[in-house]
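Peer 1: 3D model of this:
(chains A, B and C)
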Amino acid sequence: MSSFHPLPRPFYDRDPVTVTRELLGMHLVRREGTIERIGRIVEVEAYLGPHDKAAHSARGRTKRTEVMFGPPGHAYIYLIYGMHCCLNVVTEAEGHASAILIRALEPVKNLDGRASGPGLVCRSLHLDRSWNGHDLLSDDLFIAEPDARDAIRIIRRPRIGVDYAGSWAKRLLRFYIARNEWVSRK
DNA sequence: TCATTGATGGTCT
DNA sequence: GACCATCAATGAG
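Peer 2: Coordinates of the predicted model:
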């Protein structure tokens, strides 16, 4: 077992674009019994809150979006297209309802299959909706800074699959590590 | 290599 | 009843 410690609450309690950029290169750690699974975060998207028409929280506070409206540093996991789960990290203080979608991981340790895409991220870490609302300041699911972080170049693009969101669909809120082979789409 | 489509179910209107 | 922050399989070129 590695002995990283989880990023602290204040890391998440900041504007989502800053947190999104800083998440690139971080390690997402999942402990499942004696198995430790680790992926390096290589692709993410920011969802800024109720004013962001592409964000789930733009529909208001509902049973599904409750976690997004809650305190930072928690996992927001939802089911999409009836079969895939997507993992998000809640940012900013309670009530802001911003979050970051983890779209792709580079394998570091024990990933179950490829994780190039948000549905595959959950599959590779064995995460489902039972993890919705889980505190990332825990020892079985958290994000940590690796011992050595390589210098990276960050690419910004429009988010994937949000064409319904009008002008918000054009905003450059998808971030990924340049030239990384595990990114889901160029 | 690219475009199209089926699978499958929760959420919201 | 329509839509959906997706994926894998299919088939045309």
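Peer 1: Can you tell me which residues in chain A are near DNA strand B?
Peer 2: Residues of chain A lying near DNA strand B by CB under 7 Å from any atom of the strand: A:56, A:59, A:62-65, A:78-83. C-beta coordinates here come from the backbone N, C-alpha and C atoms, glycine included.
Peer 1: at 6 Å instead, please
Peer 2: A:59, A:62-65, A:79, A:81-83 (CB under 6 Å from any atom of the strand).
Peer 1: near DNA strand C too, which of the residues you listed?
Peer 2: For DNA strand C, the contacts drawn from the residues of chain A next to DNA strand B by CB under 6 Å from any atom of the strand are residue A:81.
Peer 1: Now the buried members of the residues of chain A next to DNA strand B.
Peer 2: For those, burial is judged from neighbour counts taken by 16 or more other CB atoms under 10 Å, and it is met by residue A:65.
Peer 1: tell me the mean pLDDT for the host helix or strand of residue A:121?
Peer 2: Using DSSP states H and E, residue A:121 falls within helix A:118-125. Here the mean pLDDT over helix A:118-125 is 98, rounded to a whole number.
Peer 1: That one packs against which elements?
Peer 2: Other elements packing on helix A:118-125 under the criterion 3 or more CB pairs under 8 Å, 6 or more residues apart in numbering; DSSP states H and E are strand A:35-47, strand A:75-80, strand A:84-91, strand A:98-109.
Peer 1: Need the outlier residue of chain A, farthest from its centre.
Peer 2: If you look at how far each residue of chain A sits from its centre, by CA atoms, centre = their mean, the farthest one is residue A:34, at 23.8 Å.
Peer 1: any idea how far that residue lies from DNA strand B?
Peer 2: Distance from residue A:34 to DNA strand B, counting by CB to the nearest atom of the strand, to the nearest Å: 31 Å.
Peer 1: ok, now residue A:107?
Peer 2: 22 Å.
Peer 1: How about the contacts made by that residue?
Peer 2: A:39-40, A:114-115, A:182 (CB atoms under 8 Å, 6 or more residues apart in numbering).
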